[in-house]
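Trainee: how would this look folded up:
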Amino acid sequence: MLSGKFAITIHILTLLTKFPNDFLSSEFIAGSINLNPVLVRKEIANLKAHHIVESKEGKNGGTKLAKNPTDITLKEIFQMTFDTINLGYAKNQPHPDCPVGKKINENLSVLYADLNEKVSLELKNITLEDFSNHF
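Mentor: Model prediction:
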């Protein structure tokens with residue numbers, strides 16, 4: 001299912017792009033997003049696991065980009081936050097004798113795979129730097 005993870009992650013990375021020499025605190029980032037710092041730290045942990053950011057602890061600690069924003073595509077960010085776009089399936093099992101019910105989930109899966117391919121093709125040509133330049 002879609003969530004706000006992509007928006008949160010790209011917000012974090014755009015802030016870090018705008019302050020390339022500074023270690024930004026999770027509180028500062030959370031204030032910009034208007035979100036609990038714990039949720040920001042969770043997304044930062046994911047970015048650290050993908051070697052996109054580096055962090056340091058202490059009074060002057062925080063997070064900054066570990067990669068050049070021209071080397072990060074929105075497709076990479078998307079893939080770090082979602083495996084695939086999935087708009088969901090019905091919670092109940094459709095009736096297997098119904099001409100729609102017996103194939104609805106199969107056809108939704110094909111549709112979602114097509115959406116994922118199209119989204120990936122679009123996002124692979126946009127860098128974090130490109131996106132950041134809108135601000």
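
Trainee: switch to C-alpha atoms for all contacts and neighbour counts from now on
Mentor: Noted.

Trainee: buried stuff in stretch 73-90?
Mentor: 73-78, 80-81, 84-86 (16 or more other Cα atoms under 10 Å).

Trainee: again with stretch 52-70
Mentor: When neighbours are counted by 16+ other Cα under 10 Å, the buried residues of stretch 52-70 are found to be 52-55, 62-65, 69.

Trainee: How about stretch 33-52?
Mentor: Within stretch 33-52, the residues that qualify as buried by neighbour count (16+ other Cα under 10 Å) are 33, 37, 40-41, 43-44, 47-48, 52.

Trainee: Then stretch 126-134?
Mentor: Within stretch 126-134, judged by 16+ other Cα under 10 Å, the buried ones are 127-129, 131-132.

Trainee: Rounded mean pLDDT for it, please.
Mentor: Here stretch 126-134 scores 96 as its mean pLDDT.

Trainee: Same check on stretch 27-46?
Mentor: Confidence over stretch 27-46, taken as the mean pLDDT, stands at 94.

Trainee: So for it, first residue to last residue, what's the gap.
Mentor: Counting by Cα to Cα, to the nearest Å, the length from the leading to the trailing residue of stretch 27-46 is 17 Å.

Trainee: any idea how far the nearest residue in space to His51 that is not next to it in sequence is from Val40?
Mentor: With Cα to Cα, 6 or more residues apart in numbering as the criterion, His51 has its nearest non-adjacent residue at 6.8 Å, and that residue is Ala66. Separation of Ala66 from Val40 (Cα to Cα): 17 Å.

Trainee: related to what we said a few turns ago, closest one to Phe28 out of the buried residues of stretch 52-70, please.
Mentor: Closest approach between the buried residues of stretch 52-70 and Phe28, by Cα to Cα: Gly62, at 9.3 Å.

Trainee: Can you tell me how far that closest one is from Ser32?
Mentor: Taking Cα to Cα as the measure, Gly62 falls 15 Å from Ser32.

Trainee: In CSV: the buried residues of stretch 126-134, plus distance to Asp97.
Mentor: Below are those laid out as CSV (distance: Cα to Cα, whole Å):
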residue, distance to Asp97
Thr127, 48
Leu128, 48
Glu129, 52
Phe131, 48
Ser132, 51
